[in-house]
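Peer 1: Can you look at this prediction? I've put the sequence above it.
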Amino acid sequence: MDESSADTLPDSLVVVSNRQPYSHEWVAGPVDGPVEDDDVTVTEATGGVTSALDPLMRARGGTWVAWASGEADMAVADDGIVPVPPGEESYRLKRVPLSEEAIDGYYHGYSNQVLWPLCHEDTGRMWGDPAFWEQYCAVNDRFADAVRTVTDADELVWFQDYHLALAPRTVREARPDATLHHFWHIPWPAPSVFEHCPHADRLLDGLLACDVVGFHTAVFASRFRRCVEATLPEATVDEDSGVVHYDGASTHVVANPLGIDVDGVRKRAKAADTAAVRRRVLGETVPDPSIPVVLGVERLDYSKGIPERIAALDHLWERRPDLRGTFTYVQKASRTREGIATYRRYRQDVVSEIQRVNDVYATDDWQPIAYTERKLSTETLDGLYRVADVALVTPHRDGMNLVAHEYPTACVDGDGALVLSELAGAATQLDGALTVNPHDIAGIADALERALELDDDERRDRLERLQESVAALDSRHWVERQFAAGPD
Ligand code: G6P
């Protein structure tokens, strides 16, 4: 965080998120008595929120409140608090321990079986078990309590994402003079979808306890305001200023697209030994070091549109036999939310579809699709992006999608093409991608064909436009814009 940008930021800050920026694991199982440094390892989270907010917290100090999800998290903390980052200790991490029952209801339940499908407009997957809502309320109260213990009366508190829609209201009651911000990282649904939610009014009431609520795009912010109008008759909405008046207070509802740490990605991509990355990640399945790579990188989430992408590859190789053997599609996948049956089934479906397509087209010296669930360091991942000739990012819906930012940024050789779903937030922000409807299998195949066959000038021009539009959204600007949107 450079000094000029730091000047516009608050002196100290409380960030609240479900996932923590650092987690502790036992090296060789739990120890009795005091924990020594070599009993535990610390892992830094790699997501967009940590990469945007950790530099801010390091520069300004404050407290980050999050779920104690690592095995040794509470053992190393004193009253739930541990100084971070390890060795530097510039801010405090306040951990909230949760019981199995709480995790099941709040995380696997309400957050990911009600709010996630609702906001991704996939209401057929919603499941409204009564214990889910009960635990979501209870855990939001636990987070609010933790926030209360670490905040002064007029501090700035910034809540992150759909896990924490209710906590702001409870914090507001205890800290009427605090400035509260929320950022909703996933899509906000249209009113005709949001009305499926049995707790629509409570969720809006919780969020409207904030001074500022941010979304990645103007469409999500406007839908939120329309949902308020449709759900809370006592609220008034000023569409010109984006301000909602409710319960004697005002909430600025703003569009504030999140970006990435552009310099960090560029630096790591430049430093990467691409031949070594290829060998290490793809060595066994893609032995030919010269064959072009088409890449997909995602969590195994049903919103990501992976089966349609595999079907599009099948369609393309069927329609264009001359393209068989000319590139390999690499699917880098991460297991996710495996406590939920839908996610376990999705993974099986993806793996078996890939197997089926490989069985149809593979030859002795060519594997059409390489699949890996290996955890990759950010250095290796940025190197892999640089290796890839084309990236396919085709979610059904996505709040933003930062792979669409990382890939072109890592193409430091000036060579790369992005096929991007028009239903990802990134499509409304980035210029230069080949956009597709994520359900249009023939359309994805056509866009991939085009991406592979772009002439050099167009390929370079599109990539430059992508890189410029990504750079304009650097994560530092996200932080500054969010605070600039607040009350004076
Ligand atoms: C999305 C959400 C994040 C979440 C991430 C990973 O990007 O917006 O809040 O952390 O998915 O999901 P997980 O359930 O593993 O936290």
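Peer 2: Noted; the coordinates are in hand.

Peer 1: count of residues packed around the residue lying closest to residue 18 once chain neighbours are set aside?
Peer 2: Nearest residue to residue 18, sequence neighbours excluded (CB to CB, 6 or more residues apart in numbering): residue 163, at 3.9 Å. The C-beta positions use only the backbone N, C-alpha and C, and glycine is treated the same way. The burial count assigned to residue 163 is 25, neighbours taken as other CB atoms under 10 Å.

Peer 1: is the nearest residue to residue 234 once chain neighbours are set aside in a bridge, and if so with what?
Peer 2: Here the nearest residue to residue 234 in space, its sequence neighbours aside, is residue 246; by CB to CB, 6+ apart that works out to 6.8 Å. In this structure, residue 246 has the following beta-bridge partners (DSSP bridges): residue 249.

Peer 1: Go ahead and confirm residue 246 touches residue 229.
Peer 2: No - shown here, residue 246 and residue 229 do not form a contact pair, counting by CB atoms under 8 Å, at 10.7 Å.

Peer 1: Give the residues shared as contacts by these two.
Peer 2: Shared contacts of residue 246 and residue 229, defined by CB atoms under 8 Å, 6 or more residues apart in numbering, comprise residue 235.

Peer 1: Pick out whichever of the two has more residues nearby.
Peer 2: A direct count of neighbours by other CB under 10 Å for residue 246 and residue 229 places residue 246 higher, at 18 against 14.

Peer 1: need the contact list for the more buried one.
Peer 2: Residue 246 makes contacts with 205, 208, 228, 232, 234, 235, 236, as judged by CB under 8 Å, 6+ apart.

Peer 1: Can you name the helix or strand that the first one falls in?
Peer 2: Right, residue 205. Assignment of secondary structure by DSSP states H and E places residue 205 within helix 200-207.

Peer 1: Can you name every helix or strand that that helix contacts?
Peer 2: Packing contacts for helix 200-207, counted by 3 or more CB pairs under 8 Å, 6 or more residues apart in numbering; DSSP states H and E, involve helix 167-174, helix 218-231.

Peer 1: Pull it out as PDB, backbone CA atoms only.
Peer 2: What follows is helix 200-207, C-alpha atoms only, in PDB (Å, rounded to 0.1, in the frame of the first residue of the first chain):
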ATOM      1  CA  ALA A 200     -35.800 -11.500   2.600                       C
ATOM      2  CA  ASP A 201     -36.900  -8.700   5.000                       C
ATOM      3  CA  ARG A 202     -34.500  -9.800   7.700                       C
ATOM      4  CA  LEU A 203     -31.500  -9.900   5.400                       C
ATOM      5  CA  LEU A 204     -32.200  -6.400   4.000                       C
ATOM      6  CA  ASP A 205     -32.800  -5.100   7.500                       C
ATOM      7  CA  GLY A 206     -29.400  -6.400   8.500                       C
ATOM      8  CA  LEU A 207     -27.600  -5.000   5.600                       C
END
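
Peer 1: list the buried ones in it?
Peer 2: Within helix 200-207, the residues that qualify as buried by neighbour count (16 or more other CB atoms under 10 Å) are 200, 202, 203, 204, 205, 206, 207.

Peer 1: again with stretch 45-56
Peer 2: Taking 16+ other CB under 10 Å as the criterion, stretch 45-56 shows 45, 48, 49, 50, 51, 52, 53, 54, 55, 56 as buried.

Peer 1: tell me the mean pLDDT over it?
Peer 2: For stretch 45-56, mean pLDDT is 93.

Peer 1: just how off-centre is it within its chain?
Peer 2: On the basis of CA atoms, centre = their mean, to the nearest Å, the separation between the geometric centre of stretch 45-56 and that of its chain is 11 Å.
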